[in-house]
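Chemist: Build me a model from this:
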Amino acid sequence: MKRSIVIALTLYLTAAVGTRAAEAAGLQRCHCSAACWCRKPMASAFRWVLPVGHR
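Modeler: From the prediction side, this is the model:
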């Protein structure tokens with residue numbers, strides 16, 4: 001059980017870092033407003049993997 005949780009968290013964080021790198025490289029772009037939650041410095045890494053709506 002513990003191993004599956006660690007694997008799931010590792011995959012989630014890998015996806016967050018990978019999509020952040022793709023965005024930095026210009027492969028992805030978020031088109032929401034400047035007031036959106038995903039524009040915050042630490043939250044921007046989870047913008048593509050967190051299932052929460054954008055503005």
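Chemist: Where do the strands of this structure begin and end?
Modeler: Ranges of strands within the chain: none, based on DSSP state E.
Chemist: need the contact list for the residue most central in space within the chain.
Modeler: Of all residues in the chain, the one closest to the mean position by Cα atoms, centre = their mean is F46, 2.2 Å from it. Counting by Cβ atoms under 8 Å, 6 or more residues apart in numbering, F46 touches A16, C38. C-beta coordinates here come from the backbone N, C-alpha and C atoms, glycine included.
Chemist: Contacts only, for Q28.
Modeler: T19, A22, W48 are the contacts of Q28 under Cβ under 8 Å, 6+ apart.
Chemist: Quick one: end-to-end length of stretch 16-34, please.
Modeler: One end of stretch 16-34 sits 20 Å from the other (Cα to Cα, to the nearest Å).
Chemist: Show the low-confidence segments of the protein, by residue range.
Modeler: Flagging of the chain using pLDDT under 70 yields the residue ranges 51, 54.
Chemist: any idea how far K2 is from the residue nearest to the centre of the chain?
Modeler: 23 Å (Cβ to Cβ, to the nearest Å).
Chemist: OK, contacts around M1?
Modeler: Neighbours of M1 in contact, by Cβ under 8 Å, 6+ apart: none.
Chemist: Count the residues that sit near R47.
Modeler: R47 is flanked by 21 other residues according to other Cβ atoms under 10 Å.
Chemist: Ok, A22 next?
Modeler: Using other Cβ under 10 Å, A22 has 13 other residues around it.
Chemist: Check the one 3 residues further on too.
Modeler: Counted with other Cβ under 10 Å, the burial measure for A25 works out to 8 neighbours.
Chemist: roughly how far apart are it and P41?
Modeler: Counting by Cβ to Cβ, the gap from A25 to P41 is 19 Å.
Chemist: same thing with L27?
Modeler: 21 Å.
Chemist: go on, T14?
Modeler: Separation of T14 from P41 (Cβ to Cβ) stands at 20 Å.
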